[in-house]
Each structure stands twice: as structure tokens, then as C-alpha cells.
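Peer 1: After the sequence you'll find the predicted model.
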Amino acid sequence: MPAIYRLLIGWQMNDTLATVIAIIVPCMIVFLLVQAVAGLSTYIERKLAADIQRRVGPNKCNIGAFFGEFARATVTNGKLQNAGVLGRLMATGLGAAIPVLDIVDKLVYKLAPGILIFLADGIKLIMKEDIIPDAVDKPMFKAAPTIVLVSAFGACAALPFSDAWYVADFNTGVLYIAAVTSIEVLGILMAGWASNNKWALLGGMRSAAQIVSYELPVGLALTTGAMIAGTLSLQGMIIDQFGFHQGGNGLTQGWFWQWNLFHPAMFVLAPVYFLAALAECNRTPFDIPEAESELVAGYHTEYTGMRFAFFFMAEYAMMCVTSALAVTIFLGGWSSGIGPLENWSHWMATQPVFTSDGVLAQAPTFNWWATLFHLGVFGVKTYGLVLIMMWIRWTLPRFRVDQMMTLCWKKLIPLGMLCFFAVSLWMVVRIPIANHLGEETLTGITFTLRAVFALAVLGFLFWFFSKPLTADQKAQREMLAKGFVGTTV
């Protein structure tokens, strides 16, 4: 990670040691962060499902007076005769903090009632007995959950969380993520086969067919984005979406209409990618491999305790990975999309450098406060897409197997190929057009067209969500409201 490496080198640390630390520390941070996000996502999804279904959701496993009661118990134990030195020190430190902790308890209870349910779930899974049936292939059975989890965590190594906060910037980052996430199929197949259970085997085979099929539209979307940017580096693809060019300023570069989403082909590929990503994560309406009504629980039917938790954690981790990749490819990555904000000179430690013919030779580097801001922007965009995945799960019914495969092979793949070849043709035609009109003129034309298209899309969305309800919609709302009158939660 460049930020940590530069900090350690500034402390005059050995270059090799600084490199090792700059790799290990981000890996540990990402590992712990993904676990925390996966745990909290279970609480958020339950609350989201409850809101959609008009019920309360988890509200009993509260923090309540958790911190305050913990402090009081610590103070009481610290006064006992057999209390140790550490217990007495904790009692002394927490005694004065009890009123503050009580306030924190009340605030958290108001904002997120029942939030400790994810901690209760984790403790429950850790304490559950690890049952391994006698008839399974034990080595393969044990290895499968780890392979699935490693596939999700391994992809995080190439994600560009911010301009200077990331694990590694591979010059083949797109290929790396495509390869690492494909390993998940092996783990799922191993789980289904090793379980020696026909329901688990059917779930594993279904999942293999589904993931391998939907990797094709995902690959077409990623390849098209890489072709537009001219690089396989994920950081390079984000920098390309800034639209930096010689002589540009805050009014012409760094704006959201430079994002790939507002490229005509990528605008079509964005929903193609998102649908395929849902299928890759086995999320509704593509959760055929885990169809409870048909296959008990699919390929992880025989798993209990922490081995089951690995599959569960891998699903949420893969949701974050696919959403982060969508943000990188389509939504400008860690860019805020506000041109003047990205081009303020005091946000940039170094300005972009261009060659004599106007090609970007050196991307700008940002100061630490801009880096933290970009990190927050990337996180908000990514989890926004995760929330949409949760929303879809509790809104749409499950597809049949034939519908799922028809959508992939007859709709998404041909559409992805059409966009890919259209961009390829434009890349060829663009060269003589640029030679005839001039690179600056062509850049100005594309900038104007993208700005008009982006503003038109935003205007349509604003109109669509702000227009008044029709008579039929009002009648449906009143009917639903009457249907819930008198019901108990």
C-alpha cells in the first residue's frame, strides 16, 4: 500500500522491511474489515427485510445498557479482595466513565436497536458442534469452505479502495480478480461432491453451471471497460474516468459524466454486469443452488458451525467484491464526481503530468485528507450497491433454472458481445476521426455529449421518482394499508 510504504520510508526504515509491512498490514486490515462488514450486513439485511415486509425486525438483542452495565460490573469486581492489579486498574478507569457510557448506550439503542444480534450469531456458530458425517470425503469436505472464503478474500487484494490506500495495484488487476473469484466454483463443487448427499451434489452442480455461465457477461463487461480505459489496472481505469487532459480544469475534468456509466456501451453493460453479479453471488432471484424448497440448503446442507459460517461469510464478502468492482468499472471508483473538488490544488500533492502530445504520463497524487475522503466515497458507493442487492432479494421471486439460463445465454451474453464489438469498432474508427478533427476537438465533443447524456439521465430519474402517484397506485397503497390494520408484529 503506497500510503503505508511512504510513511515507513519517511521513518527511514529498510526498504525490504517497509515493503513487507506495507503488504501484511493492509491484508490484515482488509481481512478484519470484511469480517466486520459481513457480520453487520446480516443485521442490516434483517432490518431492510423487515422494513420491506412492514415488520419490526431484530430488536431484542440490544446494546441497551451494555457498556454501562459492563463498566458497573467491572467496578464492582475491582473492589473485591481477590481482584488483580489489572481488574483494579480497569475499575479505576471505568468508574468515572459510567455516565458517558450510559449516554452512548441510549444513543446506540435509538439508532440501531438489536444490533448485537450479529455478535450473538457469531458466538452461536462458534459454539455449535462441528459435525462431520461418516460417509463424507473428509479432506475435501474440510477444505471446501476455506477455498470458497479464500476466493472472496483474495479478490480484495486488487481492489482500489482509494488513491493511495489499497493492497496492490496489479497491471493485470482485472484478470487477477476474474481468476481468483473463479476459484469459488471449485470450493462449491468440492462441498457438494464431498458431502455424499444427493441434494448437496445437485446444489453444487447447479451452482457450477450458474457461476460459469454468468462469468461470461461479467467478463465481457470488464473487458469492454478495460478496452475503453486502455489498461487492465483497476487504478488506471479510475484515473481514466477522471478525464484528465492537457489544459483541462475543474470545469472539464473530474466530473461524474466522465464515468464509464455514461459511455453508451457501458450504460447498457452496467445492468448486464449487475444481474450477472447477483448470479455470481447466488443471491435472489438467482439463488437456485440453495433453493430451500427443493434442495434443503444446497451444497452446504451437511455443514454446521463455523464451516457453515465460512460459506455465509463468503457470500457477503463476494457481494462487497462484485459491488466494489462495479464501482471501479462504471462509477468512477473513489472519485467523488465533482470536478472542482477533485481539481483543487491543495487536495493534490502533485499535479498530473502530460507528454508533448497531450497524453497523461503521470497521474496526480493526493494529500492524506483527500485520500481519506476518497476512501469514504468508495465505501459509500460500494455499500450502496450492496443495499440494492439486499433490496432485490426481498422484492423479487426466485427464477426457475431454465429462466435463469435463458436470461444468461440468450439475453445477457449476446447483449454483452454486441457492446464489446461496438466499442471495438469505435476504437478503430476513432483514430481517423481524431486525425481529421484533432484530438482536442474530439475530446470536447465527447465531453459535451457525455455531460448532456448524464444530465438527461439524472433529470429523468428525478422526474420519475418525484412525479405524483396515479389513481391506481394510490388505490393499491390504501389496500395494502388496510390489509395490515389490526395485524400483530
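Peer 2: That came through fine. Computed from a predicted model, the values in this text were never measured in an experiment.

Peer 1: only C-alpha atoms for contact and neighbour calcs from this point on.
Peer 2: Fine.

Peer 1: now stretch 262-269, how far from the chain's geometric center?
Peer 2: Distance of stretch 262-269 from its chain centroid, counting by Cα atoms, centre = their mean, to the nearest Å, is 21 Å.

Peer 1: Report the buried residues of that stretch.
Peer 2: The neighbour-count check on stretch 262-269 (16 or more other Cα atoms under 10 Å) flags 262-263, 265-266, 268-269 as buried.

Peer 1: do stretch 360-372 as well
Peer 2: Buried residues in stretch 360-372, counted by 16+ other Cα under 10 Å: 360, 364-366, 368, 370-372.

Peer 1: of the buried residues of stretch 262-269, closest to residue 146?
Peer 2: Residue 146 lies nearest to residue 269 out of the buried residues of stretch 262-269, by Cα to Cα, at 32.2 Å.

Peer 1: State the helix or strand in which the closest residue to residue 94 other than its chain neighbours lies.
Peer 2: Nearest residue to residue 94, sequence neighbours excluded (Cα to Cα, 6 or more residues apart in numbering): residue 71, at 5.6 Å. According to DSSP states H and E, residue 71 maps onto helix 66-78.

Peer 1: for the next helix-or-strand element following that helix, packing partners?
Peer 2: Helices and strands here follow DSSP H and E; after helix 66-78, the next one along the chain is helix 85-95. Applying 3 or more Cα pairs under 8 Å, 6 or more residues apart in numbering; DSSP states H and E, one finds that helix 85-95 contacts helix 66-78.

Peer 1: What mean pLDDT does the helix it packs on get?
Peer 2: If you average the pLDDT over helix 66-78, you get 72.

Peer 1: hey, where'd the helices end up in the stretch 1-150 of the chain?
Peer 2: All helices of the stretch 1-150 of the chain, identified by DSSP state H, counting those that start in this stretch, fall at 2-10, 15-52, 66-78, 85-95, 98-111, 117-127, 138-155.

Peer 1: By neighbour count, which bits of the fifth one are buried? Give me those.
Peer 2: Translated: helix 98-111. Buried residues in helix 98-111, counted by 16+ other Cα under 10 Å: 98, 101-102, 104-106, 108-109.

Peer 1: cool, stretch 141-158 as well?
Peer 2: Neighbour-count burial for stretch 141-158 [16+ other Cα under 10 Å]: 141-142, 144-158.

Peer 1: Give the residue spans of the stretch 1-150 of the chain that score low on pLDDT.
Peer 2: The model of the stretch 1-150 of the chain has pLDDT under 70 over residues 1-14, 62-70.

Peer 1: do that again at 90, thanks
Peer 2: Scanning the stretch 1-150 of the chain for pLDDT under 90 picks out 1-43, 46-138, 142, 146, 148-150.

Peer 1: Check the gap between the residue nearest to the spatial centre of the chain and residue 326 for me.
Peer 2: Centroid check for the chain by Cα atoms, centre = their mean gives residue 320 as the closest residue, at 2.3 Å. As judged by Cα to Cα, to the nearest Å, residue 320 and residue 326 stand 10 Å apart.

Peer 1: And for residue 453, the neighbour number?
Peer 2: When neighbours are counted by other Cα atoms under 10 Å, residue 453 registers 16.

Peer 1: That one: helix or strand, and which one exactly?
Peer 2: Secondary structure from DSSP H and E places residue 453 in helix 439-466.

Peer 1: Off-centre distance for that helix?
Peer 2: When C-alpha coordinates are averaged (Cα atoms, centre = their mean), helix 439-466 and its chain have centres 26 Å apart.

Peer 1: how about that helix: buried residues?
Peer 2: Residues of helix 439-466 classed as buried by neighbour count (16+ other Cα under 10 Å): 439, 442, 447, 450-451, 453-454.
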